[in-house]
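Visitor: Model the structure of this input:
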Amino acid sequence: MSSQHVGIKRRRMLQLAGISTAGVVGASGRALAQEEDPNVTIEVPDQMTGGESIVVESFETDVDGLFQIARDTGGDSVYKRMEIEAGTEFTDRELELDAPISESQSVRTSLYPITGGRSYDTMSSEVFVSEAADGAEPVGTPYGTEPGVQKIEADPDAGFRSPYFLYTPAFPTVENSVNDSQERPLVVTAHPWGEFEERVEDARRPDRGITGRIGDAMNCPVLDIPLTLTRGHLGLEPQELTLAPELDITDPRRERVDLQLIAMIEDAKSRLNAGTYTIADGIHYDGGSSAADFIEKIAPLHPEHVNAYSSGANGYAFLPFEELTDDIPVHGDPDRTTIPWPIGTGNLEQLTGEEFDREAWMDIEQFRWIGGEDQDPDDPRNYVHKRFRGDDEIDRAIEEIFGTLQVDDRFGTSREIYDHLGVPATFRKFEGQPHAPDREYRLEAAEFHEERIEADFELVHVTVRESASEARVGDPVTVSVVVTNWTDVESATTISLSVDGPEAETTDVETRAVQIGPNSTETVELETAFEETGEFVLRVNETAFGDPVVVTEQPTEEGDESTETTGDRDDDSADGDGGGAEEDGETGTETPATEDGTDEGDSATDRAGVTEDEQPGFGVVQTLTAVGGIGYLLGQRRSTDD
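Guide: Got it, this is the predicted structure:
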């Protein structure tokens, strides 16, 4: 069985080392766990599993402990328990479970003191069961492909002559959502540098880097392509786009790579769309340096296939026009007005036979970044990372329009021109950073895509729990709606309730805006009442659900026959078990010290038979217990000081 790592945002429950009533009642075992300040780290990713094992991404401990994997909420099922010695450390280990996980759920992985008490560290993660375990129903895959990375071999008949790699994140499917929440964009990146074998090797892990972060956070598949448009350091001359029909191409992998990319996208969509989710027409693209040049040339050719892109480590930006006009804020004093490809669109129609679709290109959201130190002021003409070095026509045109320095001139001028044209682009200069900035800076590109996906797509799933099928005139009828957000960003949706009457007329009852946090589920209740008899159809977000509600008249009242006094009721209520079931405190943070189920962490109040309902706040027994525990710790402290 192979479990796939899904980098969905983790939920860690850090255990604080302060003194509390729960911390002192456990006496020696719990005090030891707090005083030692041990180094314990547990990392368990959200994952798809067959139910027989779980992958622990990393584990480290410098103390002995009892390792446990259990259901996080709604039960006390323990799936794995074993003792671990101090000094144990491992990464990416698949642990076979003592008892199988039969259904998708949140699980809690913890390390406790051997003698019982508060956990040193606890990690909660989502586990989705992909195969039937002990007869359980498996969770459906949201896309038509299995979660994980797969290599799709070259298929010339389908239009692409290089392989590509497809990553499908693992997350649960919501089959019956009543809103449009089952469409996602395909996230794309490229590895266009180097020889063919090198490019293929670099493209093998679309689940990593910025695109992997976007895919995991937003539940979007990722496509990594080893296509190239470059030859050495010369850059992207028009002939390298292989658009000129007279150009002799000896390597078929270089023929119309723009069309090969589109063929790969369509092939991936045909595989992914066989599931519950579908792939949007426009991709989200991320790339830096050569990969940024790649999308810079593809987007003007096929803007209808691009929703948003982030690009960086390049100075100048593509100009969406043919001719310079006096109002364009250029850096120098160009002696030309026609802007040739690939700087602008001056000869693009001549090369492709198609007119540039400026309106579609202007709809593309862009995030453009550069490292503040990505230039060489002492020798700017020969700076290794600058495109179009040399004295050819393209290089001279760029210097005339954008200047020489990669950051100060070209990046700054590009921003001024885009601001003037109203291009929807964000420009970010990372101060003090080189050509390849640190990851913390590059994460801004991932955040850009996450924000755009949240703005452009419905992320929240809305499912309806059936309401009552019978009611009386005037009685309230409640409709419960479950709102789920499986992404790492906060999102919002709108829920509406309407009613179809006996005459087929529709009445709007209530509309509510719901804001829901990352990886969260909430229940929203909508309410209505009926003023007449008949059959009524309830709709949530215009979708009918359940059987029609049959509304009848209220029964006729025949008088008040109540003879019971309230005094008797009050006297009787003092008897019994104290007025309710005992509530658990800090569920999941205490471990059984013995295999027979006895919990050394049980409070003194429980052993004395006193419930929280009888003594709100600190009762006498609780207070004496806490004081006694604190006195014990102070005595230990004083003995140590002596």
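Visitor: Please give me every residue in contact with Arg81.
Guide: Shown in contact with Arg81 (C-beta atoms under 8 Å, 6 or more residues apart in numbering): Leu66, Phe67, Gln68, Ile69, Asp98. The C-beta positions use only the backbone N, C-alpha and C, and glycine is treated the same way.
Visitor: And those, which of them are buried?
Guide: Neighbour-count burial (16 or more other C-beta atoms under 10 Å) is assigned, among the contacts of Arg81, to Leu66, Phe67, Gln68, Ile69.
Visitor: ok, those vs Tyr164, which is closest?
Guide: Ile69 (36.5 Å; C-beta to C-beta).
Visitor: Which residue is the nearest non-sequential neighbour of the closest one?
Guide: Lys80 (3.9 Å; C-beta to C-beta, 6 or more residues apart in numbering).
Visitor: what do you get for Phe448?
Guide: Phe448's closest residue in space is Phe367 (C-beta to C-beta, 6+ apart), at 4.0 Å.
Visitor: quick check, that neighbour in a strand?
Guide: Yes. With DSSP: H, G, I helix; E, B strand; the rest coil as the criterion, Phe367 is part of a strand.
Visitor: low pLDDT regions in the protein?
Guide: 1-36, 48, 73-75, 130-140, 175, 230-249, 388-391, 556-642 (pLDDT under 70).
Visitor: could you pull out the helices for it?
Guide: Secondary structure of the chain by DSSP state H: the helices cover 21-25, 27-35, 196-202, 209-218, 257-272, 290-301, 348-352, 358-362, 393-402, 412-421, 439-456, 566-572, 604-607, 620-641.
Visitor: Residues contacting the third one, please?
Guide: Counting by C-beta under 8 Å, 6+ apart, helix 196-202 makes contact with Ser162, Pro163, His191, Pro192, Trp193, Gly194, Pro226, Leu227, Thr228, Arg253, all of which sit outside it.
Visitor: same thing with stretch 472-481?
Guide: Residues outside stretch 472-481 that contact it (C-beta under 8 Å, 6+ apart) are 462-465, 467-468, 471, 495, 497, 523-533, 538, 540, 549, 551-555.
Visitor: Any chance of a markdown table for the buried ones among the contacts of Arg81, columns distance to Tyr120?
Guide: Output for these, formatted as a markdown table (distance: C-beta to C-beta, whole Å):
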| residue | distance to Tyr120 |
| --- | --- |
| Leu66 | 10 |
| Phe67 | 10 |
| Gln68 | 11 |
| Ile69 | 15 |
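Visitor: Please list all residues in contact with the residue nearest to Ile69.
Guide: If you count contacts by C-beta under 8 Å, 6+ apart, then Lys80 has Ile54, Phe67, Gln68, Ile69, Leu95, Leu97, Asp98, Ala99 around it.
Visitor: In CSV: the residues you listed, plus distance to Thr345.
Guide: What follows is those, written out as CSV (distance: C-beta to C-beta, whole Å):
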residue, distance to Thr345
Ile54, 54
Phe67, 62
Gln68, 63
Ile69, 59
Leu95, 57
Leu97, 60
Asp98, 65
Ala99, 64
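Visitor: Let's see which of the contacts of stretch 472-481 end up in strands.
Guide: Assigned to strands by DSSP state E, the following of the contacts of stretch 472-481 qualify: 462-465, 471, 495, 497, 523-529, 538, 540, 549, 551-552.
Visitor: and the contacts of helix 196-202, which are buried?
Guide: Here, 16+ other C-beta under 10 Å leaves Ser162, Pro163, His191, Pro192, Trp193, Pro226, Leu227, Thr228, Arg253 buried among the contacts of helix 196-202.
Visitor: Return the member of the residues you listed nearest to Ile262.
Guide: Among the buried ones among the contacts of helix 196-202, Leu227 lies closest to Ile262 (C-beta to C-beta), at 11.1 Å.
Visitor: ok, for the closest one, nearest residue in space, not its chain neighbours?
Guide: Val257 (4.7 Å).
Visitor: and the one you found, how far is that from Ser125?
Guide: Using C-beta to C-beta, to the nearest Å, Val257 is found at 40 Å from Ser125.
Visitor: Make TSV from the contacts of helix 196-202 and add distance to Phe457 to it.
Guide: Formatted as TSV, these follow (distance: C-beta to C-beta, whole Å):
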residue	distance to Phe457
Ser162	29
Pro163	29
His191	27
Pro192	28
Trp193	32
Gly194	34
Pro226	28
Leu227	27
Thr228	31
Arg253	33
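Visitor: I'd like to know which of these is nearest to Thr211.
Guide: His191 (11.1 Å).
Visitor: my read: that closest one touches Gly288, true?
Guide: No. With contact defined as C-beta atoms under 8 Å, His191 does not count as touching Gly288 (11.3 Å).
Visitor: between the contacts of helix 196-202, which is nearest Ser119?
Guide: Proximity of the contacts of helix 196-202 to Ser119 (C-beta to C-beta) peaks at His191, which lies at 42.7 Å.
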